[in-house]
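**Student:** predicted coordinates and the sequence they were generated for:
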Amino acid sequence: MAWLLVIVAGLLETGFAVCLKLSHGFTRLWPTVAFSIFALGSFGLLTLSLRKLDVGPAYAVWTGIGAAGTAIYGMVFLGDIVSTLKIMSISLVVLGVIGLQLSGSSH
């Protein structure tokens, strides 16, 4: 259950990063409100998950999902440049997160 919280928290991190961009420096109301909700949810779920999980792997999974999710969202929906290097780099982030998880969390 704790890992499910981390995964959802990572997805919410993607949401708050995208909303941060869409808020244009907190000058647009609804993206700013959405940013706040996603950020509070993300940090809250991560905090709950850390009651059961080691901080290193949990944080890596959380940030990995957020970073990869945000980059992919940007390429698909926001017109960010798509390149082979960018896709390979996202793949390396995901592989690194998987490697940390497989390296052994005792919980």
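**Tutor:** That came through, no problem.
**Student:** what's the helix or strand for the spatially most central residue of the chain?
**Tutor:** Closest to where the C-alpha atoms of the chain average out (Cα atoms, centre = their mean) is residue 66, at 1.5 Å. Of the helices and strands defined by DSSP states H and E, residue 66 is found in helix 55-77.
**Student:** for that helix, name the packing helices and strands.
**Tutor:** helix 2-22, helix 29-49, helix 84-102 (3 or more Cβ pairs under 8 Å, 6 or more residues apart in numbering; DSSP states H and E). To be clear about C-beta, it is placed using only N, CA and C from the backbone, and glycine gets the same treatment.
**Student:** so what's residue 105 scoring on pLDDT?
**Tutor:** With respect to pLDDT, residue 105 has a value of 54.
**Student:** cool, residue 13 as well?
**Tutor:** Predicted confidence (pLDDT) for residue 13: 98.
**Student:** residue 99 now?
**Tutor:** pLDDT at residue 99 comes out at 87.
**Student:** buried residues in the helix holding residue 66?
**Tutor:** Using 16 or more other Cβ atoms under 10 Å as the burial criterion, the residues of helix 55-77 that qualify are 57-62, 64-75.
**Student:** skipping adjacent residues, who's closest to the residue nearest to the centre of the chain in space?
**Tutor:** residue 13 (3.1 Å; Cβ to Cβ, 6 or more residues apart in numbering).
**Student:** tally of neighbours for that neighbour?
**Tutor:** 25 (other Cβ atoms under 10 Å).
**Student:** which ones are touching it?
**Tutor:** Going by Cβ atoms under 8 Å, 6 or more residues apart in numbering, residue 13 touches 38, 42, 62, 63, 65, 66, 69, 70.
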